[in-house]
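1. Pasting a predicted model and its sequence here:
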Amino acid sequence: MRLRWLVPLVPALFLTLAPPARAAEPGPASAQDKRALALEHAHQGLDAYRAGRFEEAYEHFREAQALFPAPTLLVHMARCQRRLGKVVEARALYEEVLAQGLPENAPPPFVEARHNAESELAEMEAKLAAEPKATERPAPVPSRGSILPGVITLGASAVGLGVGVATGAMSMAKVSDLRSRCQADHCAPADRALADQARTLGHASTAAFVVGGAAAAAGVLLLVLRPGGKAGATTGAVKDLRVSVGIGRADVEFRY
């Protein structure tokens with residue numbers, strides 16, 4: 001959008017649209033008024049364009065074009081639209097100039113306007129073609145999940161193992177006490193309650209060891225897999241993992 005193209009605009013408007021010599025007699029007052037109004041709009045359009053008020057400049061050039069159509073005005077309207085980022089509208093105006101046929105004796109400003117429209121349209125199209133196309137979003141960077149579930153599960157396993165040790169020790173103590181009371185594997189009826197307590201503590205110790213061991217295995221697995229992170233397009237991150245621990249068992253389900 002070079003300002004040097006604006007300089008010949010006003011003279012070109014009236015030199016090229018001036019009536020031929022044989023029709024130079026004073027015309028109707030309305031025609032003179034239109035010519036004066038078109039000149040005023042052209043001047044105001046130039047001033048607005050130089051000041052960077054392209055929307056205002058476009059409107060003045062459009063008013064002048066409506067009064068006295070000229071390819072020079074269309075080219076300047078197209079330039080305003082380009083500066084406003086309206087490439088579709090600018091292209092239509094350039095193409096309108098190129099679609100108009102020029103007579104052999106066309107005024108030089110009209111010929112120059114056509115050349116300008118052709119070169120500026122080609123330049124605009126080249127810039128649009130060179131702009132980077134919208135690309136697909138890059139694959140998300142894989143991130144690993146939190147270690148907190150694994151830590152909590154390992155903590156629960158430690159509690160389970162601790163309970164197993166404690167109840168096992170209590171069971172062994174009661175068994176030892178019971179043996180000291182019994183003679184030749186024969187115990188008094190009064191010691192039956194002690195035997196039941198030792199048996200119950202032994203079962204509880206076994207269950208606690210099983211649960212604690214299963215929880216320990218699940219905790220280690222959670223620390224390794226760390227589910228809940230964002231997987232990339234080509235990574236094998238775990239999307240969902242479920243761990244359930246029961247007496248004598250530990251179930252682990254996960255999917256990628």
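-> Right, received. Where do you want to start? Residues are numbered from 1 along each chain as shown.

2. tell me the pLDDT at Asp240?
-> With respect to pLDDT, Asp240 scores 54.

3. what about Ala217, distance to Tyr94?
-> Using C-beta to C-beta, to the nearest Å, one obtains 74 Å as the distance from Ala217 to Tyr94. Any C-beta I mention is one placed from the backbone N, CA and C, and that applies to glycine too.

4. actually Ile147, not the one I wrote
-> As judged by C-beta to C-beta, Ile147 and Tyr94 stand 63 Å apart.

5. Now do the helix or strand Ala217 falls within, average pLDDT.
-> Taking DSSP states H and E as the criterion, Ala217 maps to helix 192-225. Helix 192-225 comes out with an average pLDDT of 70.

6. Give me the distance between the nearest residue to Ala117 once chain neighbours are set aside and Val75.
-> Nearest non-adjacent residue to Ala117, counting by C-beta to C-beta, 6 or more residues apart in numbering: Val97, 3.9 Å away. Here the criterion is C-beta to C-beta. By it, Val97 lies 6 Å from Val75.

7. tell me, what's touching those two both at once?
-> Taking C-beta atoms under 8 Å, 6 or more residues apart in numbering as the contact rule, Val97 and Val75 both touch Ala113, Ala117.

8. Neighbour count: Ile147 and Tyr94, which is higher?
-> Tyr94 (27 against 14; other C-beta atoms under 10 Å).

9. The more buried one sits in which helix or strand?
-> Using DSSP H and E, Tyr94 maps to helix 87-99.

10. Show me what that helix is packed against.
-> helix 71-83, helix 108-130 (3 or more C-beta pairs under 8 Å, 6 or more residues apart in numbering; DSSP states H and E).

11. Can you work out which other helices and strands pack against the longest one?
-> So that's helix 108-130. Using 3+ C-beta pairs under 8 Å, 6+ apart, helix 108-130 sits against helix 9-17, helix 71-83, helix 87-99.

12. With respect to burial, which of those helices scores highest?
-> helix 71-83 (a mean of 25; mean count of other C-beta atoms under 10 Å).

13. quick check: angle from that helix to helix 87-99?
-> For helix 71-83 against helix 87-99, the angle by axes from the mean of the first three to the mean of the last three C-alpha atoms, to 10 degrees is 160 degrees.

14. Hey, what's the angle from helix 71-83 to helix 108-130? Just curious.
-> Helix 71-83 runs at 20 degrees relative to helix 108-130, counting by the same axes, to 10 degrees.

15. and helix 71-83, what does it pack onto?
-> Looks like helix 71-83 contacts helix 9-17, helix 29-50, helix 54-67, helix 87-99, helix 108-130 (3+ C-beta pairs under 8 Å, 6+ apart).

16. The same query, at a cut-off of 7 Å, please.
-> Contact here means 3 or more C-beta pairs under 7 Å, 6 or more residues apart in numbering; DSSP states H and E; on that basis helix 71-83 packs against helix 9-17, helix 54-67, helix 87-99, helix 108-130.

17. Quick one: mean pLDDT for that helix?
-> Rounded mean pLDDT across helix 71-83 is 94.

18. So what touches it?
-> By C-beta atoms under 7 Å, 6 or more residues apart in numbering, the residues outside helix 71-83 that reach it are 1, 9, 12-13, 45, 49, 54, 57-58, 61-62, 64-65, 89-90, 93-94, 96-97, 100, 109-110, 113-114, 116-117, 124.

19. Could you chop the chain up by domain?
-> 3-19+31-130, 148-255 (automatic domain parsing).

20. Would you single out the least confident of the ones you listed?
-> Mean pLDDT is lowest for domain 148-255 among the domains of the chain, at a mean of 65.
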